[in-house]
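> Below is the sequence, then the predicted model.
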Amino acid sequence: MKAVGYTRSLAIVDENALEDIEVEKPSATGTDLLVKISAIAVNPVDCKIRQRVEPQGQPKILGWDAVGVVEEVGSDVTAFAVGDRVYYAGDLTRQGTNAEYQLVDERIVAIAPKTLSDSEAAALPLTTITAYELLFDHLLLKQQQEKSDEVVLVVGAAGGVGSIMLQLLKVLTGATVIATASRDETKSWVKSLGADHVIDHSKPMAEQIKALDVGQVSHVASLTNSEANIEMFVEVMKPKGKLALIDDPESIDVSKLKQKSLSLHWEFMFTRSMFETDDMIEQHRLLKHVADLVDSKKIKTTVGKHLGKINAENLITAHKQLEAGTAVGKLVLEGF
C-alpha cells in the first residue's frame, strides 16, 4: 500500500524529510479495525515526532487524524462493521494515518459526522479529544445550558485545539469565555467560534482581562507559551482555580500556584490509548457526542486549509506551515 513516512529525523527543509513509500498492507485482529483512509489532518505532534523520534528498522508513518471506511474487523470487534465510515485520532505507539490503510482499536473510534465531507471530518478528532478531555476531565467544567459564574481563559485560541474548544465551551457550558489572539485574522476567527471576549496575547494580558470586568478567571486552558504566562495566570486566577496545559514547557515553577491553592493539570490525549486505560472507551463516547453536535449544526468543522492529495510533497508543506506557526484552523489532505 502507499504511505508517507521517514527513515531519518531531518529538518523539514530537507527534501527527504518525508518520503512517498510502499509498505505491506496490515490485517485486522482482536479489537482492531482495518480502515481504508479517505482524508487526514496534520497536527503539531506530527512535527514533534518527526523532529525527535528516529525510526527503528522500518520507515515511521506519521499522522493522528483520519476519516475512512472500515474494510476488515478483528474477531473481538463489537461496535463496528465493514463499510462503516469512521473518524478517529489513533494511537501514538502505532503507525499513523499517512497511509492507504491503518489499524486502529475500536475503543478510540466513532462513526464520522454524516453532514461533513471526509476532509471536513478529518479536521476534528485529535483536537476534539484534546479539548474535550481538558475541559471536562481536567478542568471539570459543568455541562449545562444555564449561564454560570465560570470564567474560562483560552490562551492561543486560534489554533486547532482552540478552534474546537471555543465551540465546545459555547455549546456545552454556561461559562464566560475569554480567548487570546494577536492578528486581525485570528481575532475574527475566534470571535466567530464563540469567544465572548478577545484579548491580544502579544500585549500584557492581565490588564486586558481586568478591563473586561467579568471577574476573576476560574479556569485556564493554556495551549501555548505556558512557561512565559505562569505569573500572569496566578495574577488573574480565582483562588482554587484550575489550570490545564497541553504544551511542553521546559520548566514551570509550580510553587507560584500554592498561595491561591491553584491546581495544575496536563492533558495528553494519547494517554488512554498508550496505556490502554480502563476508561479507553471514553474517547469513542466523546467522539460520538461531538459527531451528534456536528450533525445537529451546533458545532462546525475547524478546517483552515485543504492542501490536496496525501503525498510527501503536500505533507512537507503542511509541516512547514505548522512549524512556522502560520496555520489558522486545521490543515487537511485527501486521497492518494
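Looks like it arrived, so ask away. Note that the coordinates shown come from a computational prediction; the quantities given were computed from them, not determined experimentally.

> Pull the residues that contact the least confident helix or strand in the chain by mean pLDDT.
None of the helices or strands of the chain scores lower by mean pLDDT, DSSP states H and E than strand 303-306, at a mean of 89. Applying CB atoms under 8 Å, 6 or more residues apart in numbering, the external contacts of strand 303-306 come out as Ser119, Glu120, Ala123, Gln321, Ala327, Val328, Gly329, Lys330, Leu331, Val332, Leu333, Glu334. Where C-beta positions appear, they are placed from N, C-alpha and C, glycine not excepted.

> and the nearest residue to the second one once chain neighbours are set aside, what is it in contact with?
The reference is to Glu120. Excluding the flanking residues, the one nearest Glu120 by CB to CB, 6 or more residues apart in numbering is Thr301, at 4.0 Å. Taking CB under 8 Å, 6+ apart, we find Thr301 in contact with Leu116, Glu120, Ala121, Ala123, Leu124, Val294, Lys330.

> ok so, going back, taking the contacts of strand 303-306 one by one, which sit in helices?
Ser119, Glu120, Gln321 (DSSP state H).

> Name the member of those residues with the most neighbours.
Glu120 (23 neighbours; other CB atoms under 10 Å).

> who's in contact with Val328?
Contacts of Val328 (CB under 8 Å, 6+ apart): Ala158, Gly159, Glu185, Thr186, Trp189, Gly304, Lys305.

> so Gly215 makes contact with Val151?
Yes. Judged on CB atoms under 8 Å, Gly215 makes contact with Val151 at a distance of 5.7 Å.

> which neighbours do these two share?
Lys238.

> mind checking how far the nearest residue to Ala41 once chain neighbours are set aside is from Tyr87?
Spatial nearest neighbour of Ala41, excluding adjacent residues (CB to CB, 6+ apart): Asp65 at 3.7 Å. Distance check for Asp65 against Tyr87: by CB to CB, to the nearest Å, it reads 8 Å.

> For these two, indicate the residue with more neighbours.
Asp65 (30 against 27).

> Got the phi and psi for that one?
Dihedral pair for Asp65: phi -170, psi 130, per degrees, to the nearest 10.

> what residues are up against it?
Per CB under 8 Å, 6+ apart, neighbours of Asp65: 40-43, 89-90, 97, 122-126, 330.

> circling back to that earlier point, pretty sure the residue nearest to Glu120 is in a strand, no?
No. Counting by DSSP: H, G, I helix; E, B strand; the rest coil, Thr301 is located in no strand; its state is coil.

> can you pull out the helices in this structure?
Counting by DSSP H, the helices of the chain are 44-52, 118-122, 125-132, 160-172, 184-192, 205-212, 226-236, 271-275, 282-295, 312-324.

> Switch these over to JSON lines; also include distance to Gly74 and mean pLDDT.
Shown next, in JSON lines, are the helices of the chain (distance: least, CB to CB, whole Å; pLDDT from 0 to 100):
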{"stretch": "helix 44-52", "distance to Gly74": "26", "mean pLDDT": "95"}
{"stretch": "helix 118-122", "distance to Gly74": "23", "mean pLDDT": "97"}
{"stretch": "helix 125-132", "distance to Gly74": "20", "mean pLDDT": "97"}
{"stretch": "helix 160-172", "distance to Gly74": "30", "mean pLDDT": "95"}
{"stretch": "helix 184-192", "distance to Gly74": "41", "mean pLDDT": "92"}
{"stretch": "helix 205-212", "distance to Gly74": "49", "mean pLDDT": "96"}
{"stretch": "helix 226-236", "distance to Gly74": "39", "mean pLDDT": "96"}
{"stretch": "helix 271-275", "distance to Gly74": "16", "mean pLDDT": "97"}
{"stretch": "helix 282-295", "distance to Gly74": "15", "mean pLDDT": "98"}
{"stretch": "helix 312-324", "distance to Gly74": "29", "mean pLDDT": "95"}
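
> Out of those, which is closest to Asp20?
Smallest distance to Asp20 across these (CB to CB): 4.7 Å, for helix 312-324.

> Run the chain-centre distance for the closest one.
How far helix 312-324 lies from its chain's middle: 17 Å, per CA atoms, centre = their mean, to the nearest Å.
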